[in-house]
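Undergrad: Please work out how this folds:
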Amino acid sequence: MASWFRSEDMTYVSLIMNEDAAHSCISDLGKLGVVQFTDLNPELTPFQRRYVNFIKRIDELERKIKFFGEEIHKFGLHAAYQGEVGPFIDSGGVVPGAPATADGAQPGSPPAPRSGVQLLETMERDMEKEEQSLVELNRYSERLTAEYNEKVEFQEVLLKTRGFFVSQVQVSRLHEEERVAGAYQAGDVEGGAKGSLASLRADARGPQLDSPREPHPLLGAGMREGAPEIKFSYIAGVVNLDDRSRFERQLFRSTRGNCYVRFSEIEQPLVDPSTGEAVPKLVFLVFFKSAAIEAKIKKICDAFGAKRYPVPDMDDYNAVRQLMDENYSDLHDARLVLLKNRDARIELCTSLAARLEIWNWVVLREKAAYHALNAFKPDVRGMLRGEGWVVSEALPLAQAAVRRVHANMGQGVPSYVEVMPQPWPTPPTFFKLNAFTVAYQEFVDTYGVPRYKEANPALFAAATFPFLYGVMYGDIGHGFCLFLGGLFLIYSDSKRPKGRRAGKDDEMAGGMYLARYMITMMGFFSVYAGLVYNDWFSIALDIFGTKYEWSEHAAKGDAATLKEGSYGDPSQVYPFGMDPSWHVAENELLFYNSMKMKMSVILGILQMTMGIILKAMNAKYFKQPLDFYLEFVPMIIFDGALFGYMVLLIFMKWGINWQERMYMATCLDTGFTPQGDACVLGVSTTGENLSSASKYVAAEMCPLNYGGTGDGCQPPNLITTLINIALAPGTVDDPMYKGQGGVQTFLLLVAFFCIPVLLFGKPYMLKKMETQRHTRQDSFASDSELVPGAGAHANNAGDAHAAGGHDDSHSFGEVIIHQAIETIEFVLGMVSNTASYLRLWALSLAHTELATVFWEKAMLTTIEMNNPIAVFCGFAVFMSVTFGVLLCMDVLECFLHALRLHWVEFQNKFYKADGYKFQPFSFHTVLENAPIY
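TA: Sure, this is the predicted structure:
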């Protein structure tokens, strides 16, 4: 765990490479994933970089790959899965087991020895050819689809228009013709042919129009033979279904009601050739009588994008029939051509799907390599210089990789990796993590990444976080359910299919599997705390046998007695946890509240003290004497004088036999105290008559002579005692030891004098040392520190306060303000943070009381009914509310409160959280995050 306490050692290196071998060197370093490059050209924009042309070419390849992916998805295809990225990276772009092309190479995977330039040229040539073919097929498909849609619309216009002019006798025949015409649409062009041309032509010619004319259905019933004939003009076409209301309203308003419009919906939506989406449409027929109105109608149709079709005179039935037959034939021919076009596109997309993922990997790998090369600086012609961070133990691997590439290429000018002289920039932070530790490190990194070599809070959170969670969630039954849930996640994670595609879980499931060991530990400590509280679904377990008993005729309010022995006898202590008798006692809540409240304060002060100690460890490690002597020392004294003393008082009160002390101040029936002094009830030892309720009786009879109201023989109220330390120094109502008032006054003074040391000590020393340094005119003083002598180690850490100093540009007033903020935050924070730890008691109390209410109201009430159906219903309600509230909501609530205790109360005592993660140049990371087509 030492490597998890402080981050891994980092080394700052310089890489000198021959430009011809630079791409190969970068590729091998990308396979290792141990180098984080530093940008040596920050002043250059992305378009001014050396390899910007290569990046542009790769961006174009990415665009084509994305285009290919979108096209294959249109046909429900997916890119062929090529396995894990590891074999691809190790083989330099060759995936074992992948199908080979005619020339023996993998599809889309050029031989590894080719350089990056040759690789790009080959891929550009292949992708350009495929893109041109696919674009041409798509363009041809759009044109064919548009023509096909026009023919379908024209056919629908002819059918629907005839429906407005024929009599009711011919309606059934028209319905049959519409059914036959709909077969072209129902036989989806994108899905394949349905039916043959012969059957469609036969069905189309089946229903024939009768030559005798029937009365015009649009004419009124009063129009008869010999009446003057009125001839109306009409326009027919197709409009989108969504535009019907606006189209009809616009026609009415523009013609002032001097037109008559009818609509009929096309049953099968038509496919938009540009978007590929199905668009529902309507056939419209507008009757009018004026040329001016006709011009307005045409303009409205153009504005709405409605297509108008030339409709012949419906009185000429033979001409209409011939036109429909010709359109049927054109429809069938267009449909066959569309199907052939679709087959060609599917065949091409299937071929692309087999190569798409390899292409994508190669493009992403090359793009990452050229982005890394853009961070290098061309200091000498033909040579590139780069700098970066390397994990110290992996430095030999990086050096060997560069030497190997140089030897294989036979370059005259060597390429090498050497350690840079100090001082170095601020190093990144890197920890070696495993399945158990990664969740806790993410838990801490969410708040902030540790500084380089700073004490890592995740190490301590791995133990304290699940423990504090268990204190709040303590219940044997609920904790065991959570523990089983964690075990299930551990087991099912090992059974889950691994890999890039199998690992694309939703965010919540992925987070739960990441925290599977944390959840298991939370459940374990909840069971442990439940055993301490002796709580199993709010029911006490008499595991070791209770030590108390009540008489058979005990009434409410009667005290229980020990079965054997006497008070204070170690044999009468329950072996582990709480005695189950407390769960049925009338003062149960009072007892548990007192115990849990004190326990919360103790745990909180211990954790905060540990945080202060970690501050000292950081100060010692980074060689910051001012931080150690002028911050840690007064902090730990302040903490011990007030809050450590509070913990001591709690343990003293727990450890004192108060029954024995109170017995010492009791006047027995014999007229003597237990010490043998004569006494009379209600009379003090001075002979003054006192009531039996007088507070001076115990003080007069107690032989301890500690002072206060009870003279040491009465248990104190700790809250009052602690308040009096600050508000009434030297006053103790019920002391526990002799001289307690004086000790508390001394501790208060010590804590008080720690505050000015915290506030002024470090700024004063910084000012004094800065003055001495300016007096000596130290020309080699550090640019980032006021105080010299921090040493190379402080530079490695990148700590601006390596010797407890600040930047020279900071004025003394700014230092004072900064120190004042830290002092106020610490002093007030110790008080508020201690109170904040009472959430351990509050959450535990809420959990216990909720469980009790659910048990008593849902289960106990129905059990007392002695009705099986009622018991079953009560059990269902009990399980539902227990799962929803206690196993879901309360789990999250306790998690968030435990999270806050670590982030705010614990980590703010020492944790700077201003580091940055080590992000090495790694092909594995780049390809693992690659999009999946």
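Undergrad: hey, let's count contacts and neighbours off CA atoms from now on
TA: OK.
Undergrad: how near is residue 661 to residue 653?
TA: Using C-alpha to C-alpha, to the nearest Å, residue 661 is found at 12 Å from residue 653.
Undergrad: again with residue 610
TA: In terms of C-alpha to C-alpha, residue 610 sits 24 Å off from residue 653.
Undergrad: quick one: contacts of stretch 460-475?
TA: Stretch 460-475 is touched from outside by 437, 440, 479, 518, 521-531, 533-538, 840-844, 847-848, 890-891, 894-895, 898-899, 902, with contacts defined as C-alpha atoms under 8 Å, 6 or more residues apart in numbering.
Undergrad: and what of stretch 887-897?
TA: Residues outside stretch 887-897 that contact it (C-alpha under 8 Å, 6+ apart): 469, 472, 473, 478, 482, 839, 843, 847.
Undergrad: ranges for the strands of this protein?
TA: Here the chain has its strands, by DSSP state E, at 10-18, 35-38, 233-240, 260-265, 270-271, 278-279, 281-288, 307-309, 383-391, 416-419, 548-549, 561-562.
Undergrad: Dump the ones you listed to JSON lines, plus mean neighbour count.
TA: Listed next are those as JSON lines, based on neighbours: other C-alpha atoms under 10 Å:
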{"stretch": "strand 10-18", "mean neighbour count": "22"}
{"stretch": "strand 35-38", "mean neighbour count": "22"}
{"stretch": "strand 233-240", "mean neighbour count": "20"}
{"stretch": "strand 260-265", "mean neighbour count": "16"}
{"stretch": "strand 270-271", "mean neighbour count": "21"}
{"stretch": "strand 278-279", "mean neighbour count": "12"}
{"stretch": "strand 281-288", "mean neighbour count": "22"}
{"stretch": "strand 307-309", "mean neighbour count": "18"}
{"stretch": "strand 383-391", "mean neighbour count": "22"}
{"stretch": "strand 416-419", "mean neighbour count": "17"}
{"stretch": "strand 548-549", "mean neighbour count": "16"}
{"stretch": "strand 561-562", "mean neighbour count": "14"}
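Undergrad: In helices, which of the contacts of stretch 887-897 fall?
TA: Within the contacts of stretch 887-897, residues falling in helices by DSSP state H are 469, 472, 473, 478, 482, 839, 843, 847.
Undergrad: Looking at the contacts of stretch 887-897, which one is closest to residue 873?
TA: Nearest to residue 873 among those, counting by C-alpha to C-alpha, is residue 478 at 20.9 Å.
Undergrad: Please pull out the lowest mean pLDDT helix or strand from this structure.
TA: Each helix and strand of the chain was given a mean pLDDT (mean pLDDT, DSSP states H and E); the minimum falls on helix 197-205 at a mean of 35.
Undergrad: my read: residue 751 touches residue 641, true?
TA: Yes. Using C-alpha atoms under 8 Å, residue 751 is in contact with residue 641, at 6.0 Å.
Undergrad: can I have stretch 383-398 written out in PDB, keeping just the CAs?
TA: Taking only C-alpha atoms (Å, rounded to 0.1, in the frame of the first residue of the first chain), the coordinates of stretch 383-398 have been written out as PDB:
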ATOM      1  CA  MET A 383      15.900  16.300 -35.900                       C
ATOM      2  CA  LEU A 384      13.000  16.600 -33.600                       C
ATOM      3  CA  ARG A 385      13.200  17.300 -29.800                       C
ATOM      4  CA  GLY A 386      10.500  16.400 -27.400                       C
ATOM      5  CA  GLU A 387      10.000  16.400 -23.600                       C
ATOM      6  CA  GLY A 388       7.700  14.600 -21.300                       C
ATOM      7  CA  TRP A 389       7.100  12.700 -18.200                       C
ATOM      8  CA  VAL A 390       7.900   9.000 -17.800                       C
ATOM      9  CA  VAL A 391       7.100   6.700 -14.900                       C
ATOM     10  CA  SER A 392      10.600   6.100 -13.400                       C
ATOM     11  CA  GLU A 393      10.400   2.400 -13.400                       C
ATOM     12  CA  ALA A 394       9.300   2.300 -17.100                       C
ATOM     13  CA  LEU A 395      12.100   4.600 -18.300                       C
ATOM     14  CA  PRO A 396      14.300   1.700 -19.400                       C
ATOM     15  CA  LEU A 397      11.400   0.400 -21.600                       C
ATOM     16  CA  ALA A 398      11.100   3.700 -23.300                       C
END
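Undergrad: any idea how far it is from the chain center?
TA: Chain-centre distance of stretch 383-398: 33 Å, with C-alpha atoms, centre = their mean, to the nearest Å.
Undergrad: same check, this time on stretch 445-460
TA: With C-alpha atoms, centre = their mean, you get 19 Å for stretch 445-460.
Undergrad: ditto for stretch 342-350
TA: Using C-alpha atoms, centre = their mean, the offset of stretch 342-350 from its chain centre is 40 Å.
Undergrad: Would you mind pulling the contact partners of it?
TA: Stretch 342-350 has contacts (C-alpha under 8 Å, 6+ apart) with 68, 71, 72, 75, 77, 134, 137, 138, 141, 190.
Undergrad: Roughly how far does the fifth one sit from residue 340?
TA: The spacing between residue 77 and residue 340, counted by C-alpha to C-alpha, is 18 Å.
Undergrad: Same question for residue 66.
TA: 25 Å.
Undergrad: Identify the residues contacting the residue nearest in space to the middle of the chain.
TA: By C-alpha atoms, centre = their mean, the chain has its centre lying nearest to residue 507, at 6.5 Å. For residue 507, no contacting residues are found, by C-alpha under 8 Å, 6+ apart.
Undergrad: tell me, which helix in the chain spans the most residues?
TA: Per DSSP H, the chain has its longest helix at helix 317-374.
Undergrad: rewinding a little: and the ones in helices among the contacts of stretch 887-897, which of them are buried?
TA: Buried members of the ones in helices among the contacts of stretch 887-897, scored by 16 or more other C-alpha atoms under 10 Å, are 469, 472, 473, 478, 482, 839, 843, 847.
Undergrad: between those residues, which is closest to residue 17?
TA: Taking C-alpha to C-alpha as the measure, residue 17 sits nearest to residue 469 out of those, at 53.5 Å.
Undergrad: Quick check, pLDDT for the closest one.
TA: The score at residue 469 is 96. That number is its pLDDT.
Undergrad: What separation is there between it and residue 129?
TA: Residue 469 sits 61 Å away from residue 129, going by C-alpha to C-alpha.
Undergrad: Kindly report the same for residue 286.
TA: In terms of C-alpha to C-alpha, residue 286 sits 50 Å off from residue 129.
Undergrad: low pLDDT regions in the stretch 751-900 of the chain?
TA: 777-810 (pLDDT under 70).
Undergrad: coming back round to it: what mean pLDDT does the longest helix of the chain get?
TA: Helix 317-374 shows a mean pLDDT of 90.
Undergrad: With stretch 903-920 instead?
TA: 93.
Undergrad: again with stretch 595-612
TA: So the average pLDDT for stretch 595-612 ends up being 95.
Undergrad: buried ones in it?
TA: Buried residues in stretch 595-612, counting neighbours by 16+ other C-alpha under 10 Å, are found at 596-612.
Undergrad: and what of stretch 78-91?
TA: The neighbour-count check on stretch 78-91 (16+ other C-alpha under 10 Å) flags 78, 79, 80, 81, 82, 83, 84, 85, 88, 89 as buried.
Undergrad: Check stretch 713-722 too.
TA: So stretch 713-722, judged by 16+ other C-alpha under 10 Å, has buried residues 713, 714, 715, 716, 721, 722.
Undergrad: and which of the residues you listed is nearest residue 758?
TA: residue 722 (23.3 Å).
Undergrad: which residue packs closest to that closest one, ignoring adjacent ones?
TA: residue 646 (7.3 Å; C-alpha to C-alpha, 6 or more residues apart in numbering).
Undergrad: The one you found and residue 655, how far apart?
TA: Distance of residue 646 to residue 655, computed by C-alpha to C-alpha: 14 Å.
Undergrad: same thing with residue 576?
TA: Counting by C-alpha to C-alpha, the gap from residue 576 to residue 655 is 17 Å.
Undergrad: neighbour count winner among these two?
TA: residue 576 (12 against 9; other C-alpha atoms under 10 Å).
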